[in-house]
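**Q** sequence and predicted structure, then a few things I'm wondering about:
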Amino acid sequence: MEWIRENLDSTRSLQIRQVFTQAVSLVMIVTSALIIRKGLMCVTGSESPAVVVLSGSMEPGFKRGDILFLHMSKDPIRAGEIVVFNIDGREIPIVHRVIKVHERQDTGEVDVLTKGDNNFGDDRLLYAHGQLWLKQHHIMGRAFGFLPYVGWVTIIATEKPIVKVWNSSQKFIITLQIKSSILAQQLPTLTNYPLGTMVAVVNVVVTDRHPFDATFLFRRV
Amino acid sequence: MHSFGQRANAIATFSLTILAVICSLASFTDNFNAPSPKAEVKVSNFNWLQKQRNGNDEASLTLNISADLQSLFTWNTKQVFVFLAAEYETPKNALNQISLWDKIISSKDLAKFSIRISNKYRFIDQPQGSNLRGRDYNLTLHWHVMPKTGKMFADKMSMTGFRLPEVYR
């Protein structure tokens, strides 16, 4: 028994040191990531200085998994810029290009209309019901730089599996592969169901990349 | 001795660092490109100017667009997004920009083009208006260079002296 304890003691002292070094280096990595993020927030003035592209609506310019760097300067927004915006009542920000701008004489307030380069129509279908224009407060950032593929790390981490969906109204079975987390997160109802659950489509709302992606409202059958 | 994990870690860190340096260098070299793009836009036909049921003016044009944007392409260019916007001032708005047409140019060979096309997006004076009659406007060709990696570039070329008709037709 004695030699076991001796061995254990000696390894333990070694391990504690090792564990401690590892913990410190982990903390270093986390803090440096935080420093870079906060530093970028200061420099760019944008709440989220980098976003991952989640949909194919800006292809071939931006593909899924690319990272965009954003700034939030005081310069007025102009047509052609790629902006990241948030619609009220929608969690996922959208990355699209500005195609129309109307700027007021007196207040400098802007009305902006966006469109995905790869979409057929403008974004009015994506906006909140009855909303025709984006205002300044919807816009979270304006893209200035671009890095390919790096965002796949976060996409893989949040990827959702294949879900079987049964469309009750049309009496056929479709297999909906939830390709993007944008879609998955627009379907909070769906993530509650285990894999392969049969659900009926109650309502379909066109989303980010119409007419290819859509939000489905589900109920269990 | 170094363990397998340490070696893998060192290799991954080193290759990622090299990749990051190469990416920023590639983006940096874009600064040495001094492009000399040429473009010309003409309104070959004015189709109509109407008042919509909701009171907004809408115009329709046929455009002749010819451009040579080949000099914008470098080895770090993925594509050039080019669009034509009508820009005008109204009593209420300091600036109105309405995109009429756009195109994604994916390679240098396709960057020299000449087309005749009617406006792809609707030319409507919104949100407050019937301000298009007799309105002076510019046609501005914008291009946004999207890189393979790094910083994006944008520039434009304005063509002035266009005027919408005084009456609906």
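**A** Sure, I can see it.

**Q** what residues does chain B have near chain A?
**A** By the rule CB under 8 Å from any CB of the partner chain, the part of chain B lying against chain A is B:23, B:27, B:78-79, B:81, B:83, B:85, B:91-99, B:102, B:104, B:106, B:121, B:126-127, B:142, B:144, B:146-152, B:154, B:156. (Glycine included, C-beta is placed from N, CA and C.)

**Q** burial count for residue 58?
**A** Using chain A. 26 (other CB atoms under 10 Å in any protein chain shown).

**Q** if you could check chain B rather than the one you did, that'd help
**A** As a burial measure, residue B:58 scores 17 neighbours (other CB under 10 Å).

**Q** could you do the one 5 residues further on as well?
**A** Neighbour count of residue B:63, defined by other CB under 10 Å: 20.

**Q** for it, what are its contacts?
**A** Going by CB atoms under 8 Å, 6 or more residues apart in numbering or on different chains, residue B:63 touches B:41, B:42, B:43, B:44, B:84, B:100, B:101, B:116, B:117, B:118, B:119, B:139.

**Q** need these in JSON lines (columns: neighbour count and secondary structure).
**A** Compiled in JSON lines, these are given as follows (neighbours: other CB atoms under 10 Å in any protein chain shown; DSSP: H, G, I helix; E, B strand; the rest coil):
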{"residue": "B:41", "neighbour count": "21", "secondary structure": "strand"}
{"residue": "B:42", "neighbour count": "14", "secondary structure": "strand"}
{"residue": "B:43", "neighbour count": "16", "secondary structure": "strand"}
{"residue": "B:44", "neighbour count": "13", "secondary structure": "strand"}
{"residue": "B:84", "neighbour count": "25", "secondary structure": "strand"}
{"residue": "B:100", "neighbour count": "23", "secondary structure": "strand"}
{"residue": "B:101", "neighbour count": "21", "secondary structure": "strand"}
{"residue": "B:116", "neighbour count": "12", "secondary structure": "strand"}
{"residue": "B:117", "neighbour count": "15", "secondary structure": "strand"}
{"residue": "B:118", "neighbour count": "14", "secondary structure": "strand"}
{"residue": "B:119", "neighbour count": "19", "secondary structure": "coil"}
{"residue": "B:139", "neighbour count": "23", "secondary structure": "strand"}
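
**Q** thinking again about what came up before, which ones among the residues of chain B next to chain A map onto strands?
**A** B:78-79, B:81, B:83, B:85, B:93-99, B:102, B:104, B:142, B:144, B:146-147, B:150-151, B:154, B:156 (DSSP state E).

**Q** which of those residues are buried?
**A** Taking 16 or more other CB atoms under 10 Å in any protein chain shown as the criterion, what is buried in these is B:78-79, B:81, B:83, B:85, B:93, B:95-99, B:102, B:104, B:142, B:144, B:146-147, B:150-151, B:156.

**Q** is it true that residue A:124 lies in a helix?
**A** Yes - assessed by DSSP: H, G, I helix; E, B strand; the rest coil, residue A:124 belongs to a helix.

**Q** just to check, it is in contact with residue A:130?
**A** No - counting by CB atoms under 8 Å, residue A:124 does not reach residue A:130; the two are 9.8 Å apart.

**Q** okay, and the beta partners of residue A:139?
**A** Beta-bridge pairing of residue A:139 under DSSP bridges involves residue A:85.

**Q** what does residue A:115 give?
**A** Going by DSSP bridges, residue A:115 is paired in beta bridges with residue A:97.

**Q** what about the helices in chain B?
**A** Along chain B, the segments classed as helices by DSSP state H run B:4-29.

**Q** do stretch A:38-49 and chain B meet?
**A** No - counting by CB under 8 Å from any CB, chain B has no neighbours in stretch A:38-49; the shortest distance is 13.2 Å.
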